[in-house]
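Trainee: How does the following fold in three dimensions:
(one chain, ligands or ions: 1)
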Amino acid sequence: MLMLSKIGNQTTRTFPLFQLNKTLRKLSDSPSRLLSSSKQNPKREKQQEKKMGRRKNNQTSMSLNNAQHQATKICFNDDDDEENSNLDDSIVATEKAIAMDDVTMSDPNGSFVDGGDDDNTSADYYFDSYSHFGIHEEMLKDVVRTKTYQNVIFQNKFLFKDKIVLDVGAGTGILSLFCAKAGAAHVYAVECSHIANMAKEIVESNGYSNVITVLKGKIEEIELPVAKVDIIISEWMGYFLLFENMLNSVLYTRDKWLANDGIVLPDKASLYLTAIEDAEYKEDKIEFWNNVYGFDMTCIKKQAMGEPLVDTVDQNQIVTNCQLLKTMDISKMASGDTSFTVPFKLVAERDDYIHALVAYFDVSFTKCHKLMGFSTGPRSRATHWKQTVLYLEDVLTICQGEALTGSMTVAPNKKNPRDIDITIKYSLNGQRCVASRTQHYKMR
Ligand code: SAH
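Mentor: Have a look, this model is predicted:
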């Protein structure tokens with residue numbers, strides 16, 4: 001049986017709203033990770049949740065909070081849903097441990113009251129999705145992400161002691177608080193969205209007002225009271241690493257304010273590619289459009305093929321090796337380096353079918369006493385970035401040892417540089433399958 005429900009969480013993918021979101025996002029200055037999370041696969045999500053014990057209907061991230069909730073969303077849910085039946089206790093425990101003690105959002109100015117007096121309407125969130133605490137809650141509860149930053153900072157206090165730190169895109173101020181606690185002389189926490197008001201209050205209520213200065217504004221527009229900083233810290237990574245293009249803001253900051261012997265955290269980011277068997281979900285997400293209640297909707301299928309899907313991939317689906325495509329050195333690279341073409345060679349580790357390529361990234365902090373970092377790959381603990389699935393037009397029949405070769409071209413979209421254009425050229429010259437094709441994708 002199917003159940004009709006109104007859902008405002010990230011397990012929902014609602015096509016009717018997608019165009020609306022897209023249009024509005026073109027106008028928005030800070031596209032959100034959550035907006036992009038409309039590109040998800042509820043079915044696969046459900047399976048993954050069962051596998052990984054992740055919480056379904058994670059109200060934390062989206063309950064009536066983000067840009068997507070303005071219009072009523074409907075989706076179909078299986079009513080045999082066993083949500084919350086297999087929560088991973090350790091994850092829940094960690095989440096509880098890091099959760100802010102039932103903070104009730106309140107703002108003396110009345111702008112962020114959690115209740116009827118909220119000045120911000122949902123329309124505001126369309127235009128500034130980082131303003132709402134929901135997206136920050138999701139990021140804070142991504143323990144792989146947040147704990148890595150915490151460990152980097154707390155286990156490398158020698159880097160921070162008496163240093164001037166600039167936190168680019170401070171959000172709730174969490175990274176600034178870690179740095180202050182680790183002994184930084186002063187931290188400038190720059191945040192362009194309204195969550196900056198909360199960051200100010202959080203800094204005050206935790207007694208760090210003398211160490212942390214929250215500056216509300218775009219990093220490209222604000223003025224700092226110092227000429228140079230010793231450390232730039234930022235959590236700028238988007239889906240497929242580069243979605244949202246916040247990296248550009250970090251590079252701008254580096255060139256403007258970083259002292260000669262200063263450091264950027266993290267300082268390395270790498271993009272990887274692998275190939276997966278994905279018959280079930282390709283059927284569900286792509287072939288679905290062939291016959292919808294007896295009608296041909298293949299025009300939508302073409303669009304769906306061109307949109308990378310942000311989703312969790314089961315490591316057992318991986319058919320080939322995982323190849324490093326590109327490493328970026330954040331301390332040295334130029335903004336133009338986010339456009340590139342790289343070759344790949346994916347060698348099958350077993351006889352199987354290939355339905356999609358999967359991209360993911362890792363980041364590292366090489367200036368630590370010991371190398372630290374995290375991966376968002378399918379073999380690592382899940383993060384909110386998940387992986388990025390690019391469906392292939394062909395179903396490739398590949399034999400163990402055969403290679404799928406080709407190249408991937410990545411570039412910010414010319415009209416909206418926060419979107420990414422991806423082109424994949426691939427060819428397989430195997431015993432059972434010969435195929436060669438170029439496919440274009442757009443992350444938006
Ligand atoms: N540092 C926080 C938030 C990371 S999300 C944490 O780790 O939890 C990235 C944040 O950067 C968002 O809050 C977004 O509003 C902000 N941001 C993005 N581009 C920015 C820019 N150019 N100037 C200032 N803030 C920016």
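Trainee: Specify the beta-bridge partners of the residue nearest to Leu392 when sequence neighbours are not counted.
Mentor: Distances taken as CB to CB, 6 or more residues apart in numbering place Ala356 nearest to Leu392, at 6.0 Å, with adjacent residues excluded. Heads up, the C-betas are built off the backbone N, CA and C, glycines and all. Counting by DSSP bridges, Ala356 is bridged to Ile276, Tyr391.
Trainee: same check, this time on Phe295
Mentor: Val292.
Trainee: hang on, the earlier thing: list the contacts of the residue nearest to Leu392.
Mentor: Residues counted as contacts of Ala356 (CB atoms under 8 Å, 6 or more residues apart in numbering) are Ala275, Ile276, Asp278, Lys282, Val389, Leu390, Tyr391, Leu392.
Trainee: now Ser427: how far from the ligand?
Mentor: Applying CB to the nearest ligand atom, to the nearest Å, the value for Ser427 to the ligand is 38 Å.
Trainee: and that residue, what are its bridge partners?
Mentor: Residues in beta-bridge contact with Ser427 (DSSP bridges): Thr405, Ser436.
Trainee: Tell me which two in the contacts of Ala356 are the farthest apart.
Mentor: Across the contacts of Ala356, the longest distance by CB to CB is 12.7 Å; it joins Ala275 and Lys282.
Trainee: For these two, indicate the residue with more neighbours.
Mentor: A count of neighbours by other CB atoms under 10 Å puts Ala275 above the other of Ala275 and Lys282, at 31 against 21.
Trainee: Which positions in the stretch 51-200 of the chain make contact with the ligand?
Mentor: 130, 136, 139-140, 169-172, 174-175, 190-193, 195 (CB under 6 Å from any ligand atom).
Trainee: Please flag which of those residues sit within helices.
Mentor: Residues of those located in helices (DSSP state H): His136, Met139, Leu140, Ile174, Leu175, Ile195.
Trainee: Could you export those as TSV, including neighbour count and pLDDT?
Mentor: Formatted as TSV, these follow (neighbours: other CB atoms under 10 Å; pLDDT from 0 to 100):
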residue	neighbour count	pLDDT
His136	22	97
Met139	19	97
Leu140	19	98
Ile174	22	98
Leu175	25	98
Ile195	24	96
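Trainee: Quickly find the element holding Val152.
Mentor: helix 143-154 (DSSP states H and E).
Trainee: Export only the CA atoms of that helix, formatted as PDB.
Mentor: Output of helix 143-154 as PDB, limited to C-alpha atoms (Å, rounded to 0.1, in the frame of the first residue of the first chain):
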ATOM      1  CA  VAL A 143      29.900  13.500  13.000                       C
ATOM      2  CA  VAL A 144      32.500  12.400  10.400                       C
ATOM      3  CA  ARG A 145      32.700  16.000   9.300                       C
ATOM      4  CA  THR A 146      32.400  17.900  12.500                       C
ATOM      5  CA  LYS A 147      34.500  15.500  14.700                       C
ATOM      6  CA  THR A 148      37.300  15.500  12.100                       C
ATOM      7  CA  TYR A 149      37.500  19.300  12.300                       C
ATOM      8  CA  GLN A 150      37.300  19.100  16.100                       C
ATOM      9  CA  ASN A 151      40.100  16.500  16.300                       C
ATOM     10  CA  VAL A 152      42.200  18.500  13.800                       C
ATOM     11  CA  ILE A 153      41.900  21.500  16.000                       C
ATOM     12  CA  PHE A 154      42.100  19.900  19.500                       C
END
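Trainee: elements contacting that helix?
Mentor: Judged by 3 or more CB pairs under 8 Å, 6 or more residues apart in numbering; DSSP states H and E, helix 143-154 is in contact with helix 89-98, helix 133-140, helix 174-181, strand 372-375.
Trainee: now do 10 Å
Mentor: Judged by 3 or more CB pairs under 10 Å, 6 or more residues apart in numbering; DSSP states H and E, the packing partners of helix 143-154 are helix 89-98, helix 133-140, helix 157-160, helix 174-181, strand 229-234, strand 258-265, strand 352-365, strand 372-375.
Trainee: Since that was my last question, I'll sign off now.
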